[in-house]
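Asks: Below are the sequence and a predicted model; questions follow.
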Amino acid sequence: MSAALSARMPAFAGAALLPVSILLVVMLMVVPIPAALLDVFFVGNILLSLVMLMVVLHAARPLDISSFPTVLLFATLFRLALNVASTRVVLVSGHEGTHAAGHVIEAFGKAMIGGNFVVGIIVFLILMIVNLGVIAKGAGRVSEVSARFTLDALPGKQMAIDADLNAGMLTPEQARERRQEVATEADFYGSMDGASKFVKGDAVAGILILVINIVGGLAIGTLSHGLSLTEAANVYLLLSVGDALVAQVPALLLSIAAAILVTRTTEKNNLSAQLFRQFAAPAAWWPVAAILGLLGVVPGMPSIVLIPAAAVAATIAWRLGRKAEAAVPADAPAPARPADDPTIDWSEVGENAQVNLEIGYGLIPLVDAAAGTPLMTRITGIRRQLSKELGFVMPMVRVRDDLGLPPHAYRIAIVGETIGEGEAWPADLLALEADVVTAEIPGRQTRDPAFGLPARWIEPEREQEALAAGYTVVDPATVIGTHLHKLLRAQAHHLFGQDEAHALIEVLGQRHPQLAQSIGTKALPLPVTTAVCRMLLEESVSLREFPRIAAAIGQFAAKTQEPAELLELVRPALGGLIVAGFAPPGAPLKLIAMAPPLEQLLVSAQRAAPHAAWPFEPQLATRLSEAVAQAAEGPLAAGDPVALVSQPGPRRALWNLLRSSGHAIPVLAFTELPDNRAVDVVAVVGEDLTETPPAS
C-alpha cells in the first residue's frame with residue numbers, strides 16, 4: 001500500500017501545483033508581503049521568462065509546446081500580481097529609503113540606470129515601444145494570420161487525411177493521430193492569436209502602473225511623511241522606475257518567446273540547428289567578407305572595425321567550405337546493398353489492397369498534398385458513390401508510384417489483375433470531341449481511356465475556346481477517376497467476398513433479426529450467399545435493397561443450395577428491382593424477343609448440359625449474338641435501354657454468351673418482367689437462325 005501511495009504522490013503534487021499557483025497569484029494582489037519575499041518572487045518571475053524563452057528556442061515545432069498560450073497567461077497574471085504587491089510596498093514603505101522595497105527593485109533603480117530616474121523613465125519608454133509597438137504588434141499580426149490560414153485550411157487537411165487513409169497510405173491509428181494533430185494546430189494558433197492580446201494589455205498596464213506609482217508616491221511622500229518634493233522624487237521615482245523595469249524585462253523576454261514561436265517553421269530540428277544549417281552556406285559569407293573589406297579601405301570609414309569584421313566573415317566562409325568538403329568526400333563510394341538481403345517481409349510477396357492504382361512519376365502532382373490531392377479527393381468520392389449505388393462498402397484504392405511506368409502513364413489492377421491502363425498529363429486538360437465540333441483546337445490527339453472516345457490534350461489556357469467549340473473539357477484527375485469508376489463498377493463482383501456478405505448480414509440483423517437468421521450460417525452456408533450476391537453484381541444488380549434480396553434467398557434456400565440454381569429462383573422475386581437498375585420508371589420496357597423455334601432449341605440445349613456456361617452449338621451461338629447486337633443497335637443509338645427476354649432455363653447461358661461476345665445487354669426471363677411495366681418488343685430474332693447455313 002505504501003508503494004502505491006508513493007507512486008501516486010508525484011501525480012497528486014503535479015495536479016495540486018496549478019491551483020496553488022493561482023491561489024498564490026490572488027494572494028499577492030490582496031495580502032501584504034515583506035520586501036524579502038518580494039525579491040524572491042521577482043527573481044522567480046525572471047527565471048520563468050528565461051525558461052520559457054529557452055524552451056521555445058529548443059522546440060522542434062510549435063505544437064511541441066502547445067501549452068504556451070496558457071503558460072503565457074499565467075506568467076502575465078503573475079507579473080501583474082507582483083506589480084500590485086510591489087506598488088503596495090513602494091507606497092507604504094518608500095519613505096524609509098530605497099532599500100525598503102527590496103534589493104531587486106533597488107538594484108534595477110540604481111545599478112541599471114545609475115540612480116537617475118529620468119534616464120530610467122526614458123529606458124522604460126524605449127523598452128515599452130520595442131515591446132508593444134514592434135515585437136508584440138508583429139507577433140499579434142502573425143498569430144492572427146496564422147490562425148486564419150490554419151482554420152481555412154482545416155477542411156482541406158481533413159480531406160487529405162481521409163484520402164490518404166482510403167488510399168492505404170495511413171493506418172486508422174495514424175489517421176486518428178493526424179486528425180488530432182490538425183485539430184490541436186488549429187486550437188494552438190487560435191489561442192496564440194488571443195494570447196497576443198495579453199502581451200499588449202500587460203504593456204499598457206505597465207505604463208499605467210508606473211504613472212500611478214509616481215503620482216501616488218509624490219503625494220504620499222510630501223503629504224503623509226513630510227518629505228520635500230525633491231526628496232520624494234529621489235525616492236519614489238527611483239523605486240517606481242526600478243519596479244517598472246523589473247516587470248518590463250521579463251515581459252520583453254516573453255514577447256520575444258511568443259514572436260519566435262509563431263514566426264518559426266515546423267522542422268525536425270530546433271531553431272538553433274535550423275539557423276545554423278540555413279546560414280551555413282559558404283557562398284553567402286564570401287560576398288559579405290568582400291563588401292566589408294572594400295568598405296574598410298574607403299577613406300573616412302572606420303577601418304579599424306571593418307577590416308577585422310571582414311576577416312571574421314572570410315574565416316567563417318573558409319571553415320564552412322572545409323566542413324562541407326569533409327562531410328561529402330568526392331571519392332566516397334555509394335553504399336552497396338548486400339547481394340543476399342535477409343530482411344524480406346510479406347509486403348514483398350503479395351499486395352494486400354484489392355484495388356491498386358499505379359502511377360508514373362509525372363502524375364505525382366495529382367496526389368500531392370500541397371496541391372490539394374485532386375486525384376485522392378476524386379477517388380474518395382468515387383468510392384462513396386459506388387458504395388451507395390452497389391450496396392456494399394467499396395475497398396480502399398491504394399495509390400503508389402511505379403518507376404517502371406512511363407512518366408504520364410497509370411495502371412489499374414483489381415485483385416491482382418491489370419484491367420486498365422491509360423495516360424494523363426497533370427498540367428493539361430482533356431477535350432472530348434462531341435458529335436458536332438465547330439472548330440479544331442490544337443492539342444495532342446488521343447482517346448478517352450474510359451470509353452474510347454476521340455479526344456485531345458490541350459493547354460489550360462484554351463479551355464474556354466474548347467468549350468465554345470463544342471468540346472467537353474475535363475481535368476486529368478477526372479479522366480483517371482472516370483476510368484477507375486467504370487472499371488470498379490464492371491468488376492464489383494470481384495470485390496465482393498465473404499467478409500462483405502457477412503457485414504451485410506450483420507447490418508441486416510440490426511433491423512431485421514429474423515430475416516438475418518433465415519440466411520445466416522445456420523440456415524445457409526455463407527459461401528452460397530456470397531456466390532448469389534456476386535452473380536447479381538456481375539449482372540449489374542445492386543445490393544442496395546439487401547433486405548428484399550435476403551428475403552428471396554431465404555424463401556428458396558430450402559429447395560437448393562447450388563448458387564446458380566438459387567440465383568434463377570431468386571431473380572423473379574427481384575424482377576422490379578432488376579428492371580429498375582437499367583430502365584427508367586414510367587417508360588415502356590423495350591425488349592428483344594426470340595422466335596419460338598429458336599427458343600425451344602435453346603431450352604433443349606440447356607437441359608442437355610445444365611451446368612455448362614453456354615451449352616449452345618458454336619456456330620448458332622455466333623449467329624445469335626450477332627443478331628441480338630444488330631437488333632439492339634437502333635434503340636441503343638437512340639439512348640433507350642433494351643434487354644433480351646427468354647425462357648428461364650437458358651437465361652444465364654444467354655447472358656454469358658452475349659457478355660463473351662462484347663455485347664453488354666441485360667437478359668431477362670419472362671418470369672422477371674414486372675406486371676406494372678408496359679412492354680414494347682422492338683425486334684424478334686431467330687426466324688432464320690434455326691436453319692442450317694449453306695456450305696461455302
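Replies: Perfect, I can see it now. Numbers count the residues shown, from 1 in each chain.
Asks: Domain boundaries for this protein, per the record?
Replies: With domains defined by automatic domain parsing, the chain comprises 20-142+193-274, 279-325, 351-493, 496-576, 582-696.
Asks: Quick check: which of these is nearest to residue 161?
Replies: domain 351-493 (9.5 Å; Cβ to Cβ). Using the backbone N, CA and C atoms, a C-beta is placed for each residue, glycine as well.
Asks: So which bits of stretch 413-430 are buried?
Replies: Buried positions in stretch 413-430, judged by neighbour count with 16 or more other Cβ atoms under 10 Å: 413-414, 420, 422-426, 428-430.
Asks: Narrow those to those in helices?
Replies: The subset of the buried residues of stretch 413-430 located in helices under the criterion DSSP state H is empty.
Asks: which one of those sits closest to residue 502?
Replies: Nearest member of the buried residues of stretch 413-430 to residue 502, counting by Cβ to Cβ, is residue 414, at 20.9 Å.
Asks: For the helix or strand containing residue 93, name the packing helices and strands.
Replies: Counting by DSSP states H and E, the element that carries residue 93 is helix 68-93. With contacts taken as 3 or more Cβ pairs under 8 Å, 6 or more residues apart in numbering; DSSP states H and E, helix 68-93 sits against helix 2-30, helix 35-58, helix 172-223, helix 238-263.
Asks: most packed of those helices?
Replies: Of all these, helix 238-263 has the most neighbours on average by mean count of other Cβ atoms under 10 Å, namely a mean of 25.
Asks: okay, and for the stretch 1-150 of the chain, where does confidence drop off?
Replies: For the stretch 1-150 of the chain, the stretches with pLDDT under 70 are 1-18, 28, 30, 60, 63, 94-102, 107-117, 143-150.
Asks: what does the stretch 301-450 of the chain give?
Replies: 324-352.
Asks: which residues in it form strands?
Replies: Listed in chain order, the strands of the stretch 301-450 of the chain (DSSP state E, counting those that start in this stretch) span 355-359, 397-401, 409-414, 417-423, 429-432, 444-447.
Asks: closest to residue 213 out of those strands?
Replies: Using Cβ to Cβ, the strands of the stretch 301-450 of the chain put strand 397-401 closest to residue 213, at 66.8 Å.
Asks: relative orientation of that closest one and strand 409-414 in degrees?
Replies: Angle between the axes of strand 397-401 and strand 409-414 is 150 degrees (criterion: axes from the mean of the first three to the mean of the last three Cα atoms, to 10 degrees).
Asks: Which secondary structure elements does strand 397-401 sit against?
Replies: Using 3+ Cβ pairs under 8 Å, 6+ apart, strand 397-401 sits against strand 355-359, helix 374-390.
Asks: from the middle of its chain, how far away would that strand be?
Replies: Relative to its chain's centre, strand 397-401 lies at 16 Å (Cα atoms, centre = their mean, to the nearest Å).
Asks: What residues of that strand count as buried?
Replies: Result for strand 397-401 [16+ other Cβ under 10 Å]: buried residues 397-399.
Asks: What of stretch 491-509?
Replies: Buried, per 16+ other Cβ under 10 Å, within stretch 491-509: 491-497, 500-501, 504-505, 508.
Asks: One more: stretch 558-578?
Replies: Quick answer for stretch 558-578 (16+ other Cβ under 10 Å): 561, 563, 566-578.
Asks: Now go through these and say which are in helices.
Replies: 563, 566-570, 575-578.
Asks: from these, which is closest to residue 544?
Replies: residue 577 (8.9 Å).
Asks: so how far is residue 492 from the closest one?
Replies: Taking Cβ to Cβ, to the nearest Å as the measure, residue 577 falls 16 Å from residue 492.
Asks: show me what contacts the nearest residue to residue 555 once chain neighbours are set aside?
Replies: Counting by Cβ to Cβ, 6 or more residues apart in numbering, residue 555 lies nearest to residue 573, which is 7.0 Å off, once chain neighbours are set aside. Contact analysis of residue 573 by Cβ atoms under 8 Å, 6 or more residues apart in numbering lists 548, 551-552, 555.
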